[in-house]
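Chemist: Predicted model, plus sequence, below.
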Amino acid sequence: MVLFHFSFFAHYSLAETVDHIVAVVNEKVITLTDLRIAETFCLYDEEIDPGAENIHQLFLEMMIDQKLVVLLAGAEAVEKEEVDSFQDKIIEKMGSEELEKKLEEFGLDRDDLREYIRDKIIYQKIIKRRFGQGVIVSLEEIEDFYKGRYVPSQKEMEVEPKPMMEILKEIESTIKQEKAKSNVEDWIKNLKTQADILIYLKN
């Protein structure tokens, strides 16, 4: 059973010291601090546009989805090198000094951050295992995309559309990504029917 308890979700800052529960997934808690850590250390930059509206809620939804998938879809082995690689990307984006500063503000060390990274990698591997292969795109779908989306978008920008055969692979790749994303969303939506989820969005 899925239960959502919504109230207003205010903006917060790193200076905020009061922690509270923002969600519970099958008795596993997600706190405001967990949410702040995910945002501060760019854990979902690949999935969430930084310029999106309601970004805090999007991060929370991503964390709920991740926890749900990891709890219900089984474990995946994670190698030290995989965590190292992900952490290196964070350091490259933030800078080592800024990383250490933010870790100190949260009272964390790098090993603590690695646990958050590890959970993210497990989620990614589960999704890849289930949906990384087997998405089929028909020629009809490619033609529909070309005529219905690509050509109009080019004309709107006053650009001459390329012949379909020149961009066949790009169109196919885009359709595959969209179908895979839709499949993942449908699967997670189904998982939510098997879970107890409480969401608390506090002032």
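Modeler: Arrived safely, thanks for sending.

Chemist: how far away is E82 from K120?
Modeler: Applying CB to CB, to the nearest Å, the value for E82 to K120 is 10 Å. To be clear about C-beta, it is placed using only N, CA and C from the backbone, and glycine gets the same treatment.

Chemist: quick one: which of these two has more around it?
Modeler: Counted by other CB atoms under 10 Å, E82 and K120 do not tie: K120 has more neighbours, with 22 against 16.

Chemist: quick one: that one and L43 touch, right?
Modeler: Yes. In this structure K120 lies within contact range of L43 using CB atoms under 8 Å: 5.5 Å.

Chemist: can you list residues touching both of the two?
Modeler: Here K120 and L43 have no joint contacts, going by CB atoms under 8 Å, 6 or more residues apart in numbering.

Chemist: that's a strand at V69, yeah?
Modeler: No. Counting by DSSP: H, G, I helix; E, B strand; the rest coil, V69 is not part of a strand but helix.

Chemist: Quick one: residues contacting it.
Modeler: Y123, I126, I127, I188, L191.

Chemist: Wasn't the fourth one part of a helix?
Modeler: Yes. Counting by three-state DSSP, I188 is located in a helix.

Chemist: who's in contact with it?
Modeler: Applying CB under 8 Å, 6+ apart to I188 gives the contacts D65, L68, V69.

Chemist: now K125
Modeler: With contact taken as CB under 8 Å, 6+ apart, K125 is in contact with E76, V78.

Chemist: on that earlier part again, as TSV, the contacts of V69 with secondary structure and pLDDT would be great.
Modeler: As requested, these are arranged in TSV below (DSSP: H, G, I helix; E, B strand; the rest coil; pLDDT from 0 to 100):
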residue	secondary structure	pLDDT
Y123	helix	94
I126	helix	93
I127	helix	92
I188	helix	95
L191	helix	93
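
Chemist: hmm, what's the outermost residue in the chain?
Modeler: Distance from the C-alpha centroid of the chain peaks at E160, with 34.8 Å (CA atoms, centre = their mean).

Chemist: Measure how buried the nearest residue to it once chain neighbours are set aside is and give me the count.
Modeler: Among residues not flanking E160 along the chain, Q154 sits closest, at 7.0 Å (CB to CB, 6 or more residues apart in numbering). Per other CB under 10 Å, the neighbour tally for Q154 reads 13.

Chemist: For stretch 118-128, buried residues please.
Modeler: For stretch 118-128, burial by neighbour count (16 or more other CB atoms under 10 Å) applies to R118, D119, K120, I121, I122, Y123, Q124, K125, I126, I127.

Chemist: Run through the residues that contact the residue most central in space within the chain.
Modeler: The residue lying closest to the centre of the chain (CA atoms, centre = their mean) is E47, at 3.9 Å. Going by CB under 8 Å, 6+ apart, E47 touches M62.

Chemist: Does it lie in a helix or a strand, and which?
Modeler: Using DSSP states H and E, E47 sits in no helix or strand.
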